[in-house]
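S.K.: Give me a model of this one.
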Amino acid sequence: MSDLVSQIPSIISSCEPRLRAEAERLVDADSVRGLDVTAEEALAEVRLDEQSVNTRWVFEDGAWSGETDVEDRVLHDLALCTVLIAIQRKAQRDPAAFKLADLEVPFQEVVEKRLARQFTPEEEAYFSKVDKRFQRVQQTGTIYDHDMVRLHPKWSIQSVDPLPLWLEAPKTLREFWDYVALALTDRGLPIPTFLRNVANLTAVRERLSEWRQERTVPLWKERIRRLLNDDSLASQGVRRQGDLRLLITPAEARLQGRFDDQERYHPLTGTELRDLEEAQAVGGLMVPPEAELLLLSALGQSSANASDVCRFDLDSHGQWLGSLFQQPSLEGRLVTLDEHPFRRGSSLLKWQAKEDGEGRHLKLSIVTEAGESIPGPLRVLHGSETLYLSGDTVFVGPRWMSDETKVEGEVSIPLAALNTQEGIEFLEKIGLPLPPSIAGRVRHEKLETRVRAACQKKAPGSNIEYATFQAEAVSPDGKVREKLGPGGWAPVLDHSAKDDDSIVCRNRDALLATEAVIRNLYPSWDIEAQGFRVRLTKAFPDQFNAWAHNLPESVTLNTDERLQTILADPLIARVRLEATQTSTIDWFDLRMIFEIDGADLKPAEIRKLVAAKGGFVQLADGTWRRVKLELTEEQIALMDQLGIDLDSPSDELHQLHWRQLAGDKAKEVINPRAWQSITQRMELARLEEKPDSPEGLAVTLRPYQVEGYHFLAYLSVNKFGGILADDMGLGKTIQSISWVLWLRTRFRNAWPCLVICPKSVLDVWANEFVKAAPGLNVQILRDKDELDLEKLKSETQVLVMNYAQMRGCIEYLETVKWLAVIMDEAQQIKNPDSQAARAARRLKAENRLALTGTPLENRLLDLWSLMTFAMPGALGDRAYFTRNFDRRKDAKASERLSARLRPFLLRRTKGQVARDLPSRSEEALLCEMSTDQARLYKEELARAQHLLLTSSNFEVLTRKRFAVLQALTRLRQICCHPQLANAENSKTESAKFTATLELIEELHAEGHKVLLFSQFVSMLEILRDKLTEMKIPYYWLTGSTQNRSEVVDKFQNDEEACVFLLSLKAGGSGLNLTAASYVILYDPWWNPAVEAQAIDRAHRIGQTQPVMAYRMITKDSIEEKIMLLQQKKQLMSNNILGEGGFARTLEKTDFEFLFDLEAEEKLRQED
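M.R.: The predicted model follows:
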């Protein structure tokens, strides 16, 4: 706190002189109450005349900052300055009161205060661990690795010595946590989230840096001493230069080197190799890259064999040498005894064979392609290709037949070893012609495979069945030569074979492929059936069908009759619709009739096959069948148009209205008798109803609104109900009022109309009726006790009430025959089981209309609920709807549903009617305060009126001006949300808050982006918390936002984002937010020009949609008066006036107008 005291002069010096003088006057007047000072915080209440302001100075992120509960900037600065002066004076009077140790707050309280909540059980447990470690440190002054493991399980134990975390043992728990947090961070370990922003790591690191540096001095001294005594330092910078080669003789190979000034190569000893290895490891060897490669290879070879000489009689040495000859870069470093590089032979070597004179052996020798002999002796080098060394030449040749590396003379193979199929294959593989004594005896056969598959029961009377598979290899003469068993292919003895000396060579390629495909079935071996078996499950027909169609051409599949039905082509099914008129003239029952040719099937089997949707069905006789629907594109389009799912059960009844069946294509699939009834009903219908604007309409409809009005008229003349689902802001209310006027011109002595809407828009309907239809007698029901049925039937033409009132009065409302019932924001009845939805369905009306911007808000069942009110039966009962439309995995369900709804639903988006809309429109939405909110407002207004009545003009404009402005602010806060004026009012309902959330919810459901401005950051915080609870994506920008452009770009490009919460000052200028086409001004600003700038954030160059702005105004409040005062003061002409500028223009008469003082004085006179 002494730090704050020392900083007070510099902070106060930044305040205006007039403000400092006023602050000193308040301190002199003892206006600072409850001053509470701790090491990191100073709290106080400042009495600004009759208004109290709560202040807080807090030390965060290495700096002091102040905050208050007042939005007015002047009052904010004045209160903070007053507290600083009070602290400064107290420190001067009693310096001891500000000792840091005396001001220390328990660390847990500090953390919980920052979190604005108490610890969770898990956090409490971790904090207890930290506290226990600190208590041990207080006793010993040390901390160890095993202590840190308790605080983070991934801390590695590296020593048994104390950890050097601090210069002096910490005296407080807060100081101890600073050191622990720094240690965790330096090890790359995460700090628990709830303690992450508590530690001041920068300050601790700076405090320890010099100490840590001093601790390294002794270490460096010891290191320097050791380096000075190290003889290897003398050779630093000296590097050996030279070259290497490999000398190869017929018996061995040896590495040779030449270094520094040596002229000739010399053999390298084992010791020299080790020295070169050490020099190469530390970069002390300079040789060409090829020589270094040779050295490394030789080092690896000598290390493996503990020798510096490579001898050819060791097979590993031969392989190593062969690998060197495969490296093109080493060709010049592999030299002969004459010190010349080896040459590559131009000819490939091959085997040459001849029979001996006795006809008992086959002699094999290595020769060139021309048949010439190679001078010996030859050395064989095995590897990826076999190499032969002959003198100074290296040849590529065939693979040698033994492990020997020296080739001398010929290889002799007994002919008896070659008189088999394997011997013949061996000769063919090495490219030798068959010897004459063998060639005449060889006969080639190509084996083909045959798989026999059949169904069989596990045991007599068992319901478990298997498919058995027997695989056989067959020769061209039809004889079975081999059978496939669990251990592979096994030959079959042929007792009828004639004894002769022929050698039969059979091509078995097909056998390997067949074994692989049998294994793909994952079968088990059936000893009794001597075959592989697979259990018959529901999935077997599809698996077997796919398996059979992917068999290699060399495999022949033979099946029994049952399995053959799986491989057969699908049966062809045709569909037609059978329609039957119900008891009412407008409704028809449709049933799909399937006809299948080529099979004698029972109706139940046909239903099963159709329900399987092309899948296999096992019939009663054990066979399998599947069907394929044969429909023309026109028939498919018609089914889509009728909203009928071809995958629905074949016995499903589809109830459709004649309007849904009207269309030329339907005639092709509907039976003639039903089509005749539909045609007769169509002749009576009026599908084109375009009446003129109704009498009494006082507004001009836009072209798309005329179209909507005509749609509603079309519904009425055909006795339909329907849904008007235009985007928000397109005037569904005006279109509905036009329709009501038209209905009353057709039925002048008819029953009244009923409008049900959310409570928050009651006044919207009231205002729209006054504006558009002033001649109608409209009753806005504020309280259900106002409902008078007699008056309703005789005088009232339109009754407007909210959903809660409808639920409470439904027993009375259902006794009235309504000309029309309109459900505004009809998503309120989206849950068919809710009380609101049930009550709505009980109403009796000649015409029914649902208004919503989001008919498919959450799930398809929501729309069924709306249509069950508006047009009962159009979507069937709930069970039918769920089966046919509300299936999660049915991608086309919404398309079929749209087809069913097309005659009864009209929806236009803002983009579709943009040409008929002004580029920018604004609308004020009045919100009537709740009972508790109105009570709080009246109490605050009474205090403000008393303050003004007991003050002179001079006092209002001078000494009490702050108090008056504070009262003004509190009234505005109560209008926004009572919680702003007093945190204890957080549960009090705010009409504007509720209406705004309903507006946002609808815009979000419609997929729109919206900018929401408020001058109160604390109001934005309340909205933010609620949006988080509602899971509506939002972004946030206030004066404290650092990365403004980054936040704006994210909102612009994030398709999921819905709301951008902006403080009016921070977001009112300098931003381009064309991704949003809706703007909500939550509270009126003193200066209309600032509001216009806020709307301009969306209405900018690049905006492709009309911008709609909503001003949320609390009815019968100071907010309405502010709008009137805006015009009176003509602030639009002065864009530089903000709240402070406005305050300077107010006179006492303005305050009297804002506080409704004239009405107050009248009440006093009456009393």
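S.K.: Which residue ranges make up the domains of this structure?
M.R.: Domain assignment of the chain by automatic domain parsing yields the ranges 2-105, 109-225, 239-341, 349-437, 448-493+501-558, 571-684, 703-916, 920-1161.
S.K.: would you turn the ones you listed into JSON lines with distance to residue 564 and mean neighbour count?
M.R.: To be clear about C-beta, it is placed using only N, CA and C from the backbone, and glycine gets the same treatment. Shown next, in JSON lines, are the domains of the chain (distance: least, C-beta to C-beta, whole Å; neighbours: other C-beta atoms under 10 Å):
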{"stretch": "domain 2-105", "distance to residue 564": "81", "mean neighbour count": "16"}
{"stretch": "domain 109-225", "distance to residue 564": "65", "mean neighbour count": "14"}
{"stretch": "domain 239-341", "distance to residue 564": "58", "mean neighbour count": "16"}
{"stretch": "domain 349-437", "distance to residue 564": "37", "mean neighbour count": "15"}
{"stretch": "domain 448-493+501-558", "distance to residue 564": "9", "mean neighbour count": "15"}
{"stretch": "domain 571-684", "distance to residue 564": "9", "mean neighbour count": "16"}
{"stretch": "domain 703-916", "distance to residue 564": "33", "mean neighbour count": "19"}
{"stretch": "domain 920-1161", "distance to residue 564": "54", "mean neighbour count": "18"}
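S.K.: Lowest average confidence across those, which one?
M.R.: Note on those: lowest mean pLDDT is at domain 571-684, with a mean of 70.
S.K.: and the nearest residue in space to residue 559 that is not next to it in sequence, what element?
M.R.: Of all residues not flanking residue 559 in the chain, residue 453 sits nearest, at 4.7 Å (C-beta to C-beta, 6 or more residues apart in numbering). Per DSSP states H and E: residue 453 is located in strand 448-457.
S.K.: contacting residues for the closest residue to residue 1056 other than its chain neighbours?
M.R.: What sits nearest to residue 1056 in space, not counting adjacent residues and going by C-beta to C-beta, 6+ apart, is residue 1033, at 4.9 Å. Counting by C-beta atoms under 8 Å, 6 or more residues apart in numbering, residue 1033 touches 1054, 1056-1059.
S.K.: Can you tell me how far residue 1033 is from residue 393?
M.R.: Look at residue 1033 and residue 393: by C-beta to C-beta, to the nearest Å, they are 78 Å apart.
S.K.: Make sure residue 872 is indeed in a helix.
M.R.: No - secondary structure of residue 872 (DSSP: H, G, I helix; E, B strand; the rest coil): coil, not part of a helix.
S.K.: Could you tell me the end-to-end distance of stretch 1005-1022?
M.R.: For stretch 1005-1022, the first-to-last residue distance is 21 Å (C-alpha to C-alpha, to the nearest Å).
S.K.: now do stretch 487-503
M.R.: Rule used - C-alpha to C-alpha; the end-to-end distance of stretch 487-503 is 26 Å.
S.K.: about what we covered before: parallel or antiparallel, list what pairs with the strand holding residue 453.
M.R.: With DSSP bridges as the test, strand 448-457 is paired with strand 465-474 (antiparallel), strand 555-559 (parallel).
S.K.: I'd like the ones you listed as a markdown table, with distance to residue 863 appended.
M.R.: Formatted as a markdown table, those follow (distance: least, C-beta to C-beta, whole Å):
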| stretch | distance to residue 863 |
| --- | --- |
| strand 465-474 | 47 |
| strand 555-559 | 50 |
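S.K.: just the helices in the stretch 751-900 of the chain please.
M.R.: 762-772, 789-794, 803-813, 835-842, 860-870, 878-884, 893-901 (DSSP state H, counting those that start in this stretch).
S.K.: now residue 262: how far from residue 242?
M.R.: Look at residue 262 and residue 242: by C-beta to C-beta, they are 7 Å apart.
S.K.: Same check on residue 40?
M.R.: Residue 40 sits 71 Å away from residue 242, going by C-beta to C-beta.
S.K.: Quick one: residues contacting residue 519.
M.R.: If you count contacts by C-beta under 8 Å, 6+ apart, then residue 519 has nothing around it.
S.K.: Once you drop chain neighbours, what's closest to residue 86?
M.R.: Among residues not flanking residue 86 along the chain, residue 32 sits closest, at 4.2 Å (C-beta to C-beta, 6+ apart).
S.K.: Please report how far the one you found lies from residue 491.
M.R.: As judged by C-beta to C-beta, residue 32 and residue 491 stand 110 Å apart.
S.K.: One more: residue 976?
M.R.: 95 Å.
S.K.: now swap in residue 923 and tell me
M.R.: 93 Å.
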